[in-house]
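1. Sequence and predicted structure are below.
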Amino acid sequence: MLLTSLALALAPNQSTLDIKLSRTIENKEEVFVAAATNISSQDVALVPQIDGSETGMRGPVAQFQVKVGNDWKAFEFGPRCGNTNPLEKDYFKMVQPNGSQILAKMSLTSGMYLGAIGNPGKHQIRFVYDTTMPLERWIGGPLPEDLQQQRVSELKSLLDRVPKGRYISNAITVQVRRARES
C-alpha cells in the first residue's frame, strides 16, 4: 500500500541546479554525460540515475531524451519489469555550492542509435532531471507497507535536501548514418 500522506519538502528557493550535457569518446564509443552543478549557496543532495528513473517510473526522473518532430521523447531500449530497486541512503550524493555531480552517462553505438532514435539524419539529444515526484514514487520496490514507512522515515532528511524542480540540459545535435554510410 502506498503512503499518500507524505510529500517532499521543498528545499529553499535559492537551491537550483545547472544541468549540462556533454559528449566525449570513451573506448571508441560516443558517450553523452549529464552533470549537475549546484549554483546555490548551500549544500544539496542529488540522486544520480537509478533503476527506473531513466523511464520516469520513479523519482528522480533522470532521462536522456531525443527530439522527434516537435516533441521530446525518452530513449527506450526495450521492455522492463514493473519493479524498481528500493531507494538507499548511499544513492544520495552531497554537492557543495559550485560543485558538480555526474547524473548519468549514455553510450550508444551507431546501430543502437538507429534503434533508439529511429531514422538516420540529424537529431537532438538532451537530459531531463525532474525531482518533483511525490515521495512515494521515489522509494521503489514494491516494499511491504511497514518497510516502506521505515524507508521513508530513514531517508526523509536527505530527500528534503534535494532541490525540487524540473531541470533541462542543453541539447546536442547528433548525426545518425546507416552503417554503409559511415
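-> Looks like it came in fine. Residues are numbered from 1 along each chain as shown.

2. Nearest the geometric middle of the protein, what residue?
-> Central residue of the chain (CA atoms, centre = their mean): A62, 1.0 Å from the mean position.

3. Contact partners for that one?
-> When contacts are counted by CB atoms under 8 Å, 6 or more residues apart in numbering, A62 is found next to 34, 47-50, 53-54, 103-104, 127-130. From N, CA and C alone the C-beta is placed, and that goes for glycine too.

4. from those residues, which is closest to D160?
-> Ranking these by separation from D160, with CB to CB as the measure, puts V47 on top at 12.8 Å.

5. CA atoms of the helix ranked longest in the chain as PDB?
-> Counting by DSSP state H, the longest helix found in the chain is helix 145-159. Coordinates of each C-alpha in helix 145-159 appear next as PDB, following Å, rounded to 0.1, in the frame of the first residue of the first chain:
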ATOM      1  CA  GLU A 145       4.000  -1.100   3.900                       C
ATOM      2  CA  ASP A 146       5.900  -1.300   7.100                       C
ATOM      3  CA  LEU A 147       9.300  -1.400   5.300                       C
ATOM      4  CA  GLN A 148       8.200   1.400   3.000                       C
ATOM      5  CA  GLN A 149       7.300   3.600   6.000                       C
ATOM      6  CA  GLN A 150      10.600   2.700   7.700                       C
ATOM      7  CA  ARG A 151      12.500   3.600   4.400                       C
ATOM      8  CA  VAL A 152      10.600   7.000   4.200                       C
ATOM      9  CA  SER A 153      11.400   7.800   7.800                       C
ATOM     10  CA  GLU A 154      15.100   7.000   7.300                       C
ATOM     11  CA  LEU A 155      15.500   9.000   4.000                       C
ATOM     12  CA  LYS A 156      13.300  12.000   4.600                       C
ATOM     13  CA  SER A 157      16.100  14.300   5.800                       C
ATOM     14  CA  LEU A 158      18.100  13.500   2.700                       C
ATOM     15  CA  LEU A 159      15.100  13.900   0.400                       C
END
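
6. for it, packing partners?
-> On a contact count with 3 or more CB pairs under 8 Å, 6 or more residues apart in numbering; DSSP states H and E, helix 145-159 meets helix 136-139.

7. list the helices and strands the helix it packs on packs on?
-> Here helix 136-139 touches helix 145-159, going by 3+ CB pairs under 8 Å, 6+ apart.

8. pLDDT on the helix it packs on, on average?
-> Per-residue pLDDT values over helix 145-159 give a mean of 89.
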